[in-house]
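> one predicted model, sequence on top.
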Amino acid sequence: MGGVPFAASAVLLALVSTAPEESGKSPASPKLPGRARGNPAREPSELEKFFQLNPEEKFDLEATNLIDAPKLVEEARGEKRVLRDVLRTAEALLPRVRAETEDPLLVSAILRNKTLDWVRRSPSDSSWAETMPLRWGGIFYESRVPGGRLCRKLSTRLAGLITLCVEASGAVAFLRAGVTGLFRGSAMMAKIVQFGLSSKRPRHVQQVAQAYLDDLAANRCVGKQPLPLERLSEVARRTGSAEVNITLVELFSQEGTGTLIVLDPRFHPGMDPVTIRVVAPKTQDDAATYDLVHGGVHAVRDSAVSEDTAAELATASPWERSDMTKKEWLELFKALAKRKERLGAPPRENSRDRESYSGLRDLVLADASVRRAFLAVHWKGRPSGLALLGQLLSDGTLVPEFDTDADYLEAELEHLGQGHADHRSKDGQWKLAHGWTVIREVADGNARTYRANGKSAD
């Protein structure tokens, strides 16, 4: 996510008074016309509600989300001083909104809090499904109702509010801004730009978070019944299950449990745990689906795998798994390649004895598609034997650049033959599973070359 466009910054800063601002202070609320004595109580205006907000002690994400920007500017139109204060307030709120809706740790905390509201409030609120989509829609990402309402995400609407203030100020403000407006930015505007440039957030956090929130907003909690997360499942169909699973791990994983815990009973005494269950697809062309479940509740939808296996699909590290399938490895490699990231290395201690490691190695031996996908995202550094083996099988020959690499490759080959009497029939030759034979040749200077035979090297 980037900051407010520089062109817009130049224009909006022209509206700000040339008097120096006190660093770190929120803009003061302007004095708005009060109601005459004796008049009946009335709803606060959009301006009054907006000026109750600031990015610190009076920050309220949900209240900010309910601000009607066009109505706000219409109320301030014709009052340049009020427009300036609206602009300053929006400028102050925008960095806080972006931080709260983009940082996975902050997003996770908000989603847990909204889930607690859903559990406690929705059962007794008959209007929940009518009111909450409006209150929660578009906080993190745009919310769509099929064939109906579209709500842009909150940070976009705040930036739009700034643009509306500029437009309402008239053409003179544009002329006042000029080129120098680009360099006159306040401390708060500098923070906006800095946040935009330094932000390296996981790509799907906002989309996944909003889909989850939209599912909660559209459905009441009914006892201990599981809630099928329809919007979240739709995101998985569009972007891929692996992307959604990795994002959910980022937001909700409980280290060492392989479970996506949204509400932990340790922090909410007397409550059952509330978790997200991943329901594995029945065919390779389908995507996973998701349910929000209370502790001890079984799935309402048929699953192709056990509940434990489904929950473990989203585990943070594949090396902690003992049952990773070919499809799951390929999905993980594809997701990493899309994000231009590498697979995390297995723990160095006893890495080859891990079932996950030996399972992947067997797939590398057996399947060219797995080899290609693995080599595109394999980790750098030690242990390096599996990557060297995959490269040898793919290319047919391998001349290690360093002697240590040759040693690591041979250690991998030796480990593969443990328990097989005919594994190494003579020095420099290894018979492997799936029909492979690896032969070592030594040239002048002790340079070692390895050749793989018995399988296509595609």
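Sure thing, it's come through.

> please name the residues that touch the closest residue to Arg157 other than its chain neighbours.
Of all residues not flanking Arg157 in the chain, Ala69 sits nearest, at 5.8 Å (CB to CB, 6 or more residues apart in numbering). The C-beta positions use only the backbone N, C-alpha and C, and glycine is treated the same way. By CB atoms under 8 Å, 6 or more residues apart in numbering, the contact list for Ala69 reads Arg157, Leu158, Gly160, Leu161, Leu164.

> now do the second one against Pro383, distance only.
In this case it means Leu158. Distance of Leu158 to Pro383, given as CB to CB, to the nearest Å: 49 Å.

> have a look at these two and say which one is more surrounded.
Between Leu158 and Pro383, counting by other CB atoms under 10 Å, Leu158 is the more crowded of the two (21 against 18).

> confidence score at the nearest residue to Pro228 once chain neighbours are set aside?
Excluding the flanking residues, the one nearest Pro228 by CB to CB, 6+ apart is Asp291, at 5.6 Å. You'll see Asp291 listed with a pLDDT of 94.

> test my guess that Asp291 contacts Val279.
Yes. Asp291 is within contact range of Val279, at 6.4 Å (criterion: CB atoms under 8 Å).

> for the chain, which spans come out with low pLDDT?
Scanning the chain for pLDDT under 70 picks out the ranges 1-41, 170-202, 254-258, 284-285, 296-317, 417-426, 455-458.

> try 50
1-26, 35-36, 171, 174-175, 177-201, 256, 296-316, 425, 457-458 (pLDDT under 50).

> how does it divide up, domain by domain?
6-28+41-198, 326-453 (automatic domain parsing).

> can you lay out those as TSV showing distance to Asp264?
Putting those into TSV (distance: least, CB to CB, whole Å) gives the following:
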stretch	distance to Asp264
domain 6-28+41-198	9
domain 326-453	25
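
> to Phe252, which of those domains lies closest?
Among the domains of the chain, domain 6-28+41-198 comes nearest to Phe252, with 6.6 Å by CB to CB.

> give me the phi and psi for Glu441.
Per-residue torsions, Glu441: phi -120, psi 140 (degrees, to the nearest 10).

> show me the residues around it that make contact.
Counting by CB under 8 Å, 6+ apart, Glu441 touches Gly428, Arg448, Thr449, Tyr450, Arg451.

> so the last one belongs to a strand, correct?
Yes. Judged by DSSP: H, G, I helix; E, B strand; the rest coil, Arg451 forms part of a strand.

> ranges for the strands of the stretch 351-458 of the chain?
397-398, 429-431, 437-442, 448-453 (DSSP state E, counting those that start in this stretch).

> Arg354: which of those is closest?
Of the strands of the stretch 351-458 of the chain, the one closest to Arg354 (CB to CB) turns out to be strand 429-431, at 21.3 Å.

> can you give me how far the closest one is from the chain middle?
45 Å (CA atoms, centre = their mean, to the nearest Å).

> same question, stretch 161-170
That offset, for stretch 161-170, works out to 33 Å (CA atoms, centre = their mean).

> rewinding a little: what distance do you get for the residue nearest to Pro228 to Asp407?
49 Å.

> so if I had to pick from the two, which one is more boxed in?
A count of neighbours by other CB under 10 Å puts Asp291 above the other of Asp291 and Asp407, at 22 against 14.

> show me what that one is bridged to.
Pro228, Arg277 (DSSP bridges).

> dihedrals phi and psi, the residue positioned nearest the centre of the chain?
Nearest to the geometric centre of the chain sits Val205, at 2.6 Å (CA atoms, centre = their mean). For Val205, the backbone dihedrals (degrees, to the nearest 10) come out as phi -60, psi -50.

> contact partners for it?
Glu102, Pro104, Val107, Phe140, Thr247, Glu250, Leu251.

> which residue sits closest to it, ignoring its sequence neighbours?
Using CB to CB, 6+ apart, the nearest residue to Val205 is Pro104, at 5.3 Å.

> so that neighbour is in contact with Leu251, correct?
Yes. Between Pro104 and Leu251 there is a contact at 6.0 Å, judged by CB under 8 Å.

> the more surrounded of the two?
Between Pro104 and Leu251, Leu251 has the larger neighbour count (other CB under 10 Å), namely 21 against 15.

> can you give me the end-to-end distance of stretch 341-353?
25 Å (CA to CA, to the nearest Å).

> give the buried residues for it.
Leu343, Ala345, Pro346, Ser351, Arg352 (16 or more other CB atoms under 10 Å).

> could you pull out the strands for the stretch 51-200 of the chain?
143-144, 150-151.

> out of the ones you listed, which is closest to Trp379?
Comparing these by CB to CB, strand 143-144 comes nearest, at 38.0 Å.

> paired strands for the closest one, with orientation please.
Here, using DSSP bridges, strand 143-144 pairs with strand 150-151 (antiparallel).

> need the contact partners of the strand it pairs with.
Contacts of strand 150-151 (CB under 8 Å, 6+ apart): Gly137, Gly138, Glu142, Ser143, Arg144.

> pull out the buried members of those residues.
Judged by 16+ other CB under 10 Å, buried ones among these: Gly137, Gly138, Glu142, Ser143.
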